[in-house]
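Peer 1: this is the structure alone, sequence omitted:
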């Protein structure tokens, strides 16, 4: 029988992948998206509205356009809050404590993906114009979107329910898990 230090479960590589990919797709990309729109807006708002050419001053007639594609400030605020909340969940899941973080990480990935899929298929009307669900559905069927919103949650659910991830969050191996890897002899008393 080995000592307690050698039988303490380490963070599995598959768990590292699940957490890092989740952080990239559910925290970093939304924060970059929001930051991009805010930087473009700040840039256009900081531009002068008058130009002087010699003795003549020209004032602009019109400016801008719809840069956000119907995304409101409230949407950006919610997206930023969810991105930071998922980042905190991922940090706690990386540590492995408390042990309920395995379930919280799983459910947060599933819920965020499900809500995003529903919003993409059934968009909210913007200024009286309703979006077609066929457009949202065709966007969802693109391979990159399908991988992002369907396969990533499936991978996270699958891996977090495997024995190495359960042992990591539990903090110890079960006797049958130790027997399976050959760390404890089945005939010796535990």
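Peer 2: Sure, I can see it. Values in this document were obtained by computation on a predicted structure and should not be read as measured data.
Peer 1: all contacts plus neighbour counts: C-alpha atoms, from now on.
Peer 2: Will do.
Peer 1: got the residue ranges for the strands in this structure?
Peer 2: All strands of the chain, identified by DSSP state E, fall at 50-53, 56-59.
Peer 1: so what strands line up beside the last one?
Peer 2: Going back to what we said before, that points to strand 56-59. Applying DSSP bridges, strand 56-59 is found paired with strand 50-53 (antiparallel).
Peer 1: name the residues that touch the partner strand?
Peer 2: 57, 58, 59, 60 (Cα atoms under 8 Å, 6 or more residues apart in numbering).
Peer 1: how far does it sit from the chain's center?
Peer 2: Its chain's C-alpha centre and that of strand 50-53 lie 46 Å apart, by Cα atoms, centre = their mean, to the nearest Å.
Peer 1: ok so, going back, which of the strands of the chain sits closest to residue 91?
Peer 2: Proximity to residue 91, assessed across the strands of the chain by Cα to Cα, is greatest for strand 50-53 (48.7 Å).
Peer 1: for the closest one, what is the average pLDDT?
Peer 2: For strand 50-53, the mean pLDDT works out to 74.
Peer 1: tabulate the contacts of strand 50-53 (JSON lines), appending neighbour count and pLDDT.
Peer 2: Listed next are those as JSON lines, based on neighbours: other Cα atoms under 10 Å; pLDDT from 0 to 100:
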{"residue": "57", "neighbour count": "10", "pLDDT": "77"}
{"residue": "58", "neighbour count": "11", "pLDDT": "76"}
{"residue": "59", "neighbour count": "11", "pLDDT": "75"}
{"residue": "60", "neighbour count": "10", "pLDDT": "70"}
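Peer 1: now these as CSV including distance to residue 108?
Peer 2: Putting those into CSV (distance: Cα to Cα, whole Å) gives the following:
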residue, distance to residue 108
57, 56
58, 53
59, 50
60, 47
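Peer 1: widest-spaced pair of those residues?
Peer 2: Applying Cα to Cα across the contacts of strand 50-53, the maximum distance is between 57 and 60, 10.0 Å.
Peer 1: do you know the pLDDT at residue 157?
Peer 2: pLDDT recorded at residue 157 is 94.
Peer 1: hmm, it is touching residue 105, no?
Peer 2: No - using Cα atoms under 8 Å, residue 157 makes no contact with residue 105, being 9.0 Å away.
Peer 1: these two: who's more crowded?
Peer 2: Higher neighbour count among residue 157 and residue 105: residue 105, with 23 against 19, using other Cα atoms under 10 Å.
Peer 1: any idea which residue of this protein is furthest from its center?
Peer 2: Distance from the centre of the chain peaks at residue 55, with 54.6 Å (Cα atoms, centre = their mean).
Peer 1: quick one: which of the contacts of strand 50-53 is nearest residue 47?
Peer 2: Looking across the contacts of strand 50-53 and measuring by Cα to Cα, the closest to residue 47 is residue 60, at 10.8 Å.
Peer 1: is it true that the closest one touches residue 47?
Peer 2: No - applying Cα under 8 Å, one finds residue 60 not in contact with residue 47, separated by 10.8 Å.
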